[in-house]
Structures are given as structure tokens and as C-alpha cells.
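[1] Coordinates only, no sequence provided:
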């Protein structure tokens with residue numbers, strides 16, 4: 001499982017021009033579910049994103065987590081995070097989980113974050129979405145549950 005975590009001052013997602021999710025200060029999480037992902041993978045990503053210390057403390061140091069600041073999370077499914085562009089010019093997405101596998105994992109993670117007390121907004125799995133954000137910093141962190149980077 002892969003995630004791109006961006007510290008934002010605001011973010012939103014629209015489908016066909018209609019806003020379906022919107023947050024203020026918090027994290028925008030782009031989430032890609034891979035074939036073979038299991039509970040340990042989603043636990044790793046869910047725990048890391050909630051506890052990642054990317055928000056400033058009183059001294060201006062990145063020392064606080066999303067939970068510490070009572071921030072919100074906008075989660076967007078994005079299978080293209082699993083794109084392999086090492087060969088040729090067209091990325092291969094063969095390692096991305098099929099929707100029937102990925103959707104329950106995606107939904108379980110949203111439920112887990114909500115269970116931690118995080119206000120979570122989402123896009124729509126598989127839809128063409130317009131995502132807008134103001135990246136605060138900018139701060140962008142890459143996570144991979146299989147720790148390939």
C-alpha cells in the first residue's frame with residue numbers, strides 16, 4: 001500500500017463540479033491499494049498517517065501529529081500511485097488491487113481513522129475527481145507499507 005501525505009491548510013474534492021469532500025487544516029492522503037495488501041499494510045499506513053509529526057509546534061518545528069492538532073483528513077483513492085514507469089513510456093498498473101479488493105480496504109481504513117477521532121472526508125472510489133489543495137510548507141511525505149522507499 002502506498003500513500004502520499006500532504007500537510008494542507010485546506011483541501012477539497014469535486015466530482016462533476018460538485019464538492020463532495022472538504023477540509024481545513026490537516027492532511028490530504030492519496031491512497032493506493034496494492035494486490036496482496038493485508039491488515040498489516042493498512043494498519044501501518046493508518047497509524048503512520050495519523051501519528052506522523054508533520055505539523056509545527058510552538059517553536060515552529062515539525063513536532064505535532066494530525067491527532068495532536070485535531071486536524072482533518074481528506075482521503076482520495078488513487079491506484080496510479082502503484083504505476084510502474086520503469087519500462088517504456090506508459091505506466092503499468094498491474095500491481096494495483098482490483099476494485100473488489102481495494103474498496104473494502106479503503107473503507108476499513110476510513111473507519112479506522114474515524115475511530116481514532118479524526119474527521120475524515122473522502123472522494124468517490126473510481127470516480128474522476130478534481131482535487132484542490134493548498135500544501136502548507138510545502139510538506140509532502142511518501143509512505144509504502146512494504147518499505148520499498
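    Looks like it arrived, so ask away. Note that the structure is predicted; figures quoted are calculated from it, not measured. Numbering: from 1, shown residues only.

[2] switch to C-alpha atoms for all contacts and neighbour counts from now on
    Fine.

[3] okay, which residue is most central for this protein?
    The chain has residue 29 as the residue nearest its centroid, 2.0 Å off, counting by Cα atoms, centre = their mean.

[4] and that residue, what helix or strand is that in?
    Applying DSSP states H and E as the criterion places residue 29 in strand 26-32.

[5] which is the next helix or strand following that strand?
    Next helix or strand after strand 26-32 toward the C-terminus (DSSP H and E): helix 39-51.

[6] packing partners for that following helix?
    On a contact count with 3 or more Cα pairs under 8 Å, 6 or more residues apart in numbering; DSSP states H and E, helix 39-51 meets strand 2-15, helix 66-69, helix 99-115.

[7] Deepest in the core, which of those is it.
    Among the helices and strands packed on helix 39-51, strand 2-15 has the highest mean neighbour count (mean count of other Cα atoms under 10 Å), at a mean of 22.

[8] Show me what it pairs with in its sheet, parallel or antiparallel.
    Applying DSSP bridges, strand 2-15 is found paired with strand 18-23 (antiparallel), strand 26-32 (antiparallel), strand 130-144 (antiparallel).

[9] where's that strand relative to the chain centroid, distance-wise?
    Centroid separation for strand 2-15 versus its chain: 7 Å, with Cα atoms, centre = their mean, to the nearest Å.

[10] how much does it deviate in direction from helix 39-51?
    Counting by axes from the mean of the first three to the mean of the last three Cα atoms, to 10 degrees, strand 2-15 lies at 70 degrees to helix 39-51.

[11] Provide the count of other residues in contact range of residue 21.
    If you count neighbours by other Cα atoms under 10 Å, residue 21 ends up with 20.

[12] Need the pLDDT of it.
    pLDDT recorded at residue 21 is 98.

[13] Is it in contact with residue 124, as I believe?
    No. Using Cα atoms under 8 Å, residue 21 makes no contact with residue 124, being 9.4 Å away.

[14] out of the strands paired with strand 2-15, deepest packed?
    For those, the largest average neighbour count (mean count of other Cα under 10 Å) is found in strand 26-32, namely a mean of 26.

[15] Not counting its own residues, what contacts that one?
    Identification of contacts with strand 26-32 by Cα atoms under 8 Å, 6 or more residues apart in numbering yields 1-11, 66, 71-82, 96, 133.

[16] Just want the angle from it to helix 99-115.
    160 degrees.

[17] Run the chain-centre distance for strand 26-32.
    2 Å.
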